[in-house]
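**Student:** The sequence isn't on hand, but the structure is:
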């Protein structure tokens, strides 16, 4: 069986707008590191002009970009309703405008493993001892 994870992206009001299920490699040095590298160096703006390669035009744009980045073939990744929070996941990633929270656990018991800004998230997920 794979290490399953859920990735929630939240809008500017703190409401979840997507729930991306990953069927395998959901641990921080897998999915976490891939997500952190995707977010690295990018920022949230309100309105676009000029070079947009390192921007998200709001959290809805970020959410759509996350799905587009990870989903490249059948299987592996699935979208679930944001209210569906029990997919037998081992890890959860909660992406906010100013931070990421990682939770680890199973069933109803999840503990916070990390909470910090996007740069700190990238450093945290790159640590080898997390495997």
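**Tutor:** Great, that's in hand. On a predicted model such as this, the values are computed, not experimentally measured, just so you know.
**Student:** any residues touching stretch 52-72, and which ones?
**Tutor:** With Cβ atoms under 8 Å, 6 or more residues apart in numbering as the test, stretch 52-72 has contacts from 7, 9-12, 17-18, 20, 22, 34-35, 38, 41-48, 77, 79, 95, 97. Quick note: C-beta positions are derived from backbone N, CA and C, even for glycine.
**Student:** mind running it again at 6 Å?
**Tutor:** Applying Cβ atoms under 6 Å, 6 or more residues apart in numbering, the external contacts of stretch 52-72 come out as 9, 11-12, 17-18, 38, 41-42, 44-45, 48, 77, 97.
**Student:** Buried residues in it, which are they?
**Tutor:** By 16 or more other Cβ atoms under 10 Å, the buried positions in stretch 52-72 come out as 55, 56, 59, 62, 63, 65, 66, 70.
**Student:** What distance do you get for the last one to residue 9?
**Tutor:** Distance, residue 70 to residue 9, by Cβ to Cβ, to the nearest Å: 12 Å.
**Student:** if we can go back for a sec, got TSV for the buried residues of stretch 52-72, with pLDDT too?
**Tutor:** Shown next, in TSV, are the buried residues of stretch 52-72 (pLDDT from 0 to 100):
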residue	pLDDT
55	88
56	92
59	95
62	95
63	96
65	94
66	96
70	96
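**Student:** All good on my end, thank you.
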